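Student: Okay, here's the prediction I keep looking at, along with the sequence it came from:
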Amino acid sequence: MPNIATILKAEITRVSRKEVRAEVDALRKSSSQHRTLLIALRRQVEALEKRMKRLHSGPANTASTAARGGVVQLSDNEPRRRFSASRLTAHRVKLGLSAARYGSLVGLSGQTIFNWEQGRSRPNADQVRKLAELKSLSKSAAGKLLAGREDPPA
């Protein structure tokens with residue numbers, strides 16, 4: 001006949017494992033729910049941060065738009081002007097000018113014109129106004145303006 005102590009020990013081990021298993025399953029379920037909730041909260045925070053960023057840099061912020069060279073209100077009686085890098089390049093090519101010579105018409109360096117054309121930087125409101133004035137120049141008028149000025153610094 002088996003020893004009563006070993007039977008009692010085996011039964012206690014079995015019951016304790018059963019109890020521990022129940023507790024661990026409850027903890028796993030709770031942990032899983034917390035992870036799911038944490039992921040949902042992170043997504044919500046990311047969405048709110050995106051929304052906040054969009055509101056801060058939205059179209060209502062016209063001062064920053066003008067500073068970046070987007071749509072610019074020149075004055076009360078002048079139309080709004082938009083800057084387009086591709087249109088700037090097309091106009092410069094149409095006039096047959098290098099970036100340096102085109103820059104001298106605006107009073108800037110050729111590197112600045114190049115950066116605008118590449119989209120690395122954007123003109124401010126005053127520069128957009130000068131570019132708008134240049135749009136009305138013909139090739140010969142631009143040549144005459146350049147002839148009256150010195151060669152741009154290299």
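Tutor: Now that the structure is in, tell me what you want to look at. Numbers count the residues shown, from 1 in each chain.

Student: I figured Arg81 hits Ala132, correct?
Tutor: Yes: with contact defined as Cβ atoms under 8 Å, Arg81 reaches Ala132; the gap is 4.9 Å. Placement of C-beta: from N, CA and C, glycine included.

Student: where along this structure do the helices fall?
Tutor: Using DSSP state H, the helices of the chain run over 4-56, 62-68, 85-95, 99-106, 110-118, 125-135, 139-148.

Student: Next, format the ones you listed as CSV and append mean pLDDT and mean neighbour count.
Tutor: CSV is the format used below for the helices of the chain (pLDDT from 0 to 100; neighbours: other Cβ atoms under 10 Å):
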stretch, mean pLDDT, mean neighbour count
helix 4-56, 95, 10
helix 62-68, 51, 14
helix 85-95, 90, 15
helix 99-106, 89, 20
helix 110-118, 92, 18
helix 125-135, 86, 16
helix 139-148, 84, 12
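
Student: Domain map for the chain?
Tutor: 1-56, 62-148 (automatic domain parsing).

Student: Now do Lys135 against Ser104, distance only.
Tutor: From Lys135 across to Ser104, the span is 17 Å (Cβ to Cβ, to the nearest Å).

Student: same thing with Trp116?
Tutor: 15 Å.

Student: isn't Asn115 right up against Ser121?
Tutor: Yes: Asn115 lies in contact with Ser121 (Cβ under 8 Å); the separation is 4.5 Å.

Student: Please state the offset of stretch 26-38 from the chain centre?
Tutor: 36 Å (Cα atoms, centre = their mean, to the nearest Å).

Student: Run through who's touching it.
Tutor: Applying Cβ atoms under 8 Å, 6 or more residues apart in numbering, stretch 26-38 has no contact partners.
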